[in-house]
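Student: predicted model follows, preceded by the sequence.
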Amino acid sequence: MAQPLRLLQRLKSPTGQNLLSLYGVTAANYLFPLLTLPYLARVLGPSGFGALAIVQSLGQYLSLVVEYGFGLSATREVARSREDRARLAQILAEVLGARLLLALAVVVLAYALGLFVPALRANLALLWAGVLWAVALGMSPVWYFQGQERLRKVAILEVVAKALGVAGIFAFVRSPDEAHRVLLLQGLAALLSSGVAWGWAWREVGFILPTPSSALRGLRSGFSLFFFRAAVSLYTSANAFILGLFVPAQQVGYYAGAERLTKALLALVEPLNRVFMPRFSYLLSHFPQDAERLFRRNTLLMGFLGTLGMVAVWAFSPLAVTLLLGPGYEGAVPLMRVLALLLLPIALSNLWGIQWMLAHRLDRPFNFIILLAGVLNLVLALLLVPRFGALGMAWELVVIDR
């Protein structure tokens, strides 16, 4: 009886409530794509689904530019300044100003890519819908509430917005020619969610108009962790885009389907990263021994979840492809089985990197490790993809993450 009571007490704590909130959002992030994936895979076909995946891959990279690592750096600063309303208002102004500058840079970059990349030039409506989606995702102020360890309300907001986007996809996407509506609808939903959340944050601490100097301060403060996020994206978000430069959209469709089904299981560990990084930062400043105990427990948990996910993906990949992607996607099965090998190393590297190294402010060695992996990924992709196609991309990811 004592053990369930202790568990209940932990779930009622701020950390427990944040973890439950994030698992609610993660469940939505897992469920909603599973609802739309079979529909889009069939409506768009492998080629149309591949074209969508190429722009989504680019959009994820562009959203990281706008986000600029503030999901880590600003979260850490809010966690350390949560009692200082004036400082919190200044942090909000710095981040907003920096992100507006970055959004402008993203628009210019997307315009240039649309001129010179054939896969994008042939789908300009899809490209600009992807830009809207990327900017809307990158503008989210969820980091503020994460640093405050008060995520419940903003988590509900994100789930409602995502549900609206999913409903719009089923209502308005009916053919391969309407693939751009997927990102347009998701972008509008994310824009609504971000706008409401910014309003909540300003109501708590007040609004300060961003200035060029405050925007530059924000860019300087977030640069080291932006560097990390950009390097990570070289072997996560950018893969479908890189693949689309060398192989037909159909192969990209196989790869994108396999990657989404496989990495959906990372939903089991992502909330732990987002909740425990600010918790580690706080404990290291006040109770170092508690931080070490929490780290040891999380190592065991991450190892178990990563191994469980790896075995499940390997065993059930044929069934998952048949049920969720449908006829014509059989080429995704071998890709999915290779990508399953990623789950354990990703789970452990997230723990040791995001939760522990960043909480200790070991930004430089962490960035070096991530940059090295990103550069190796890019080099191996350029060597293997032209010869081995999507399977070459899958295997080089496994090599890099191990």
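Tutor: Yep, that arrived.
Student: now do the nearest residue to L265 once chain neighbours are set aside against F295, distance only.
Tutor: Nearest-residue entry for L265: G309, 3.9 Å, with adjacent residues in sequence omitted and distances by C-beta to C-beta, 6 or more residues apart in numbering. Where you see a C-beta, it was placed from the backbone N, CA and C, and this is true even at glycine. Applying C-beta to C-beta, to the nearest Å, one obtains 21 Å for the distance of G309 from F295.
Student: just G326 next, same as before
Tutor: For G326, the distance to F295 under the criterion C-beta to C-beta works out to 43 Å.
Student: so which strand or helix has W198?
Tutor: Assigned by DSSP states H and E, W198 belongs to helix 180-205.
Student: for this structure, which residues score under the pLDDT cut-off?
Tutor: Across the chain, the stretches falling below the confidence threshold (pLDDT under 70) are 1-30, 224-225, 227-237, 266-282, 284-285, 351, 353-363, 366-367, 401-402.
Student: list the contacts of L283.
Tutor: Under the criterion of C-beta atoms under 8 Å, 6 or more residues apart in numbering, the neighbours of L283 are D290, A291, L294.
Student: how many other residues sit next to V142?
Tutor: 21 (other C-beta atoms under 10 Å).
Student: okay, strands next: where are they in the protein?
Tutor: Along the chain, counting by DSSP state E, no stretch forms strands.
Student: find the residue at the geometric middle of it.
Tutor: The structure's the chain has its C-alpha centroid closest to Q60; by C-alpha atoms, centre = their mean the separation is 7.6 Å.
Student: surely that one meets W133?
Tutor: No. Q60 is beyond contact range of W133, at 9.2 Å (criterion: C-beta atoms under 8 Å).
Student: for A238, which non-adjacent residue is closest in space?
Tutor: A238 sits nearest to Y61 (C-beta to C-beta, 6+ apart), 5.3 Å away.
Student: count the neighbours of that neighbour for me.
Tutor: The criterion is other C-beta under 10 Å. On that basis, Y61 has 20 neighbouring residues.
Student: got the CA positions of stretch 174-181 in CSV?
Tutor: Presented in CSV, the C-alpha positions along stretch 174-181 are these (Å, rounded to 0.1, in the frame of the first residue of the first chain):
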residue,chain,number,x,y,z
ARG,A,174,-8.4,14.6,-50.9
SER,A,175,-5.7,14.1,-53.6
PRO,A,176,-2.0,14.3,-54.2
ASP,A,177,-2.4,17.8,-55.6
GLU,A,178,-3.6,19.0,-52.2
ALA,A,179,-0.5,17.8,-50.2
HIS,A,180,0.3,21.5,-49.4
ARG,A,181,-2.9,21.7,-47.4
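Student: buried sites along it?
Tutor: For stretch 174-181, a neighbour-count test (16 or more other C-beta atoms under 10 Å) marks E178, A179, H180, R181 as buried.
Student: mind listing what the third one touches?
Tutor: The contact partners of H180, by C-beta under 8 Å, 6+ apart, come to N123, A125, L126, W128, A129.
Student: now these as TSV including neighbour count?
Tutor: Conversion of those to TSV gives the following (neighbours: other C-beta atoms under 10 Å):
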residue	neighbour count
N123	21
A125	15
L126	26
W128	20
A129	24
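Student: same list (those) but as TSV, adding distance to G389.
Tutor: Below are the contacts of H180 laid out as TSV (distance: C-beta to C-beta, whole Å):
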residue	distance to G389
N123	21
A125	27
L126	23
W128	29
A129	27
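Student: closest one of these to T36?
Tutor: T36 lies nearest to A129 out of the contacts of H180, by C-beta to C-beta, at 15.3 Å.
Student: that closest one reaches E178, doesn't it?
Tutor: No. Shown here, A129 and E178 do not form a contact pair, counting by C-beta under 8 Å, at 10.4 Å.
Student: that older thread, of the contacts of H180, which belong to helices?
Tutor: Filtering the contacts of H180 for membership in helices, criterion DSSP state H, returns A125, L126, W128, A129.
Student: just put those in a markdown table and tack on distance to A238.
Tutor: Conversion of the ones in helices among the contacts of H180 to a markdown table gives the following (distance: C-beta to C-beta, whole Å):
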| residue | distance to A238 |
| --- | --- |
| A125 | 22 |
| L126 | 17 |
| W128 | 19 |
| A129 | 19 |
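Student: widest-spaced pair of those residues?
Tutor: Greatest spatial distance among the ones in helices among the contacts of H180 (C-beta to C-beta): L126 and W128, at 7.7 Å.
Student: okay, now L391: neighbour count?
Tutor: Taking other C-beta under 10 Å as the criterion, the count of residues near L391 is 17.
Student: list the contacts of G218.
Tutor: By C-beta under 8 Å, 6+ apart, the contact list for G218 reads F70, E94, V95, L96, G97, A98, R99.
Student: now distance to R85 and neighbour count too, for these, in TSV please.
Tutor: Conversion of the contacts of G218 to TSV gives the following (distance: C-beta to C-beta, whole Å; neighbours: other C-beta atoms under 10 Å):
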residue	distance to R85	neighbour count
F70	19	30
E94	15	26
V95	16	30
L96	17	23
G97	19	22
A98	21	26
R99	21	26
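Student: nearest to A189 among those?
Tutor: Of all the contacts of G218, A189 sits closest to R99, with 18.5 Å by C-beta to C-beta.
Student: quick one: the closest one and S140, what's the gap?
Tutor: R99 sits at a distance of 10 Å from S140 (criterion: C-beta to C-beta).
Student: what's the overlap in contacts for the two?
Tutor: Residues touching both R99 and S140 by C-beta under 8 Å, 6+ apart: E67.
Student: which stretches of the stretch 101-250 of the chain form helices?
Tutor: Assigned helices in the stretch 101-250 of the chain, in chain order: 118-121, 124-138, 142-147, 152-172, 180-205, 212-233, 239-244, 249-263 (criterion: DSSP state H, counting those that start in this stretch).
Student: buried stuff in the second one?
Tutor: The neighbour-count criterion (16+ other C-beta under 10 Å) identifies 126-138 as the buried residues of helix 124-138.
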